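# With the sequence up front, the predicted model follows.
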Amino acid sequence: MIIVLRPDATKKQTDHLVAKIKELGLKPWISKGVERTIIGVIGEEDIIRVQPLEVFPGVEKVLAILKPYKLASRDFKKENTIVDLGSGVKVGGQRLVVMAGPCSVEKEKLLIEIAKKVKKAGATVLRGGAFKPRTSPYAFQGLGLEGLKYLAKARAETGLKVVTELMDLRDIDMVVKYADMIQVGARNMQNFNLLKEVGKTKKPILLKRGMANTVKEFLMSAEYVLSEGNFNIVLCERGIRTFEDSTRFTFDTSAIPMVKNLSHLPIIADPSHATGKWGLVGPCAKASIAAGADGLIIEVHPKPEEAFSDGEQSLLPENFAKMMGEVRKVAEAVGREI
Ligand code: PEP
Ligand code: MN
């Protein structure tokens, strides 16, 4: 349910209402808009329904949010959420954010070389997995802590922000310590315990869409993080499983404007995993920006044939720079900038 306050509601009236909501065992989430404040009330539907919250002074109206996701919905918050990664890197505003780097963190020197190149081409966030969700237990699983340290070194040398995946709750403190943004991968989109724990941190979260999940389920997963008090969520469309097998997954471009309609959260696109083919990354990156994405996450490797993972979908640094030039033109055409 959402409580819309009158434009002239006082702080005292708001505090009184918030105290009452808490007393009922419900959770109030305050969203201060330009014109008025909205309070999202989360908790047992039955308690909410019988409370005459509209009689409180300062309240204009009380509305039910019919969607199963509440805090993630546009009904709760009209304005776009902007997620601040620090050092001026903000996802969800007019400026697009491009995250780029290798699939896996491999060697320190190589990571720093890639970081410098993607930065030069316009990326502001370095990606790289230290904990890798691999289909085969015999495939490279990631460098773990060592990899996180390389990412921190690359950040110190380039000023790029760092996004890296957290797969296991046991590693959360380590990842929080080294990363600027925690990635929850497609395979963990419905790992609800993981979602709750990252929700308790205040770190920005990159939540990737599960390969077999609907947009509604995607937003329900975001709701898990939001309901723990972390509003710093960036969603990521990374392709879904369909009958089509000429690409690794099927890039669901329409999910981008769909999410924008349903939610205030920013969404970026990952054309690398969506297509699995480096030659399709640029065209799908441009399509994403045209469709309203707030940024991109792109795999880049100078020797794709030697990459520990996902070489086939990794762009050479020079091709990444070329792609950025083309994406910039699309961005301008839709009133955005990089
Ligand atoms: C990744 O970003 O390296 C990754 C494994 O992505 P996804 O979870 O989307 O497969
Ligand atoms: Mn990958």
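It's in. Numbering: from 1, shown residues only. Ligands and ions are numbered 1, 2, ... in the order given.
# can you pull out the strands in this protein?
2-5, 27-32, 37-42, 59-63, 83-86, 89-91, 97-101, 125-127, 161-165, 181-184, 205-208, 233-237, 267-269, 295-299 (DSSP state E).
# Ligand 1: which of those is closest?
The closest of these to ligand 1 is strand 205-208. By Cβ to the nearest ligand atom, the value is 4.3 Å. Any C-beta I mention is one placed from the backbone N, CA and C, and that applies to glycine too.
# burial count for Asp171?
For Asp171, the neighbour count with other Cβ atoms under 10 Å is 16.
# can I assume it is in contact with Gly142?
No - Asp171 lies out of contact with Gly142 (Cβ atoms under 8 Å); the separation is 10.4 Å.
# domains of the protein?
2-63, 83-333 (automatic domain parsing).
# Point out the most buried one among those domains.
Mean neighbour counts were taken over the domains of the chain using mean count of other Cβ atoms under 10 Å, and the top value, a mean of 20, falls to domain 83-333.
# Pull up the per-residue confidence for the nearest residue to Thr201 once chain neighbours are set aside.
Closest residue to Thr201 in three dimensions, ignoring its sequence neighbours and counting by Cβ to Cβ, 6 or more residues apart in numbering: Val176, at 5.5 Å. For Val176, the model assigns a pLDDT of 98.
# From ligand 2, how far out is Val176?
For Val176, the distance to ligand 2 (Cβ to the ion, to the nearest Å) stands at 22 Å.
# now do Asp310
The gap separating Asp310 from ligand 2 is 4 Å, by Cβ to the ion.
# okay but that residue is in contact with Ser272, surely?
Yes - using Cβ under 8 Å, Asp310 is in contact with Ser272, at 7.1 Å.
# overlap in contacts of those two?
Cys103, Glu299 (Cβ atoms under 8 Å, 6 or more residues apart in numbering).
# what does the stretch 201-338 of the chain have sitting close to ligand 2?
Residues of the stretch 201-338 of the chain that fall close to ligand 2, judged by Cβ under 5 Å from the ion: Asp310.
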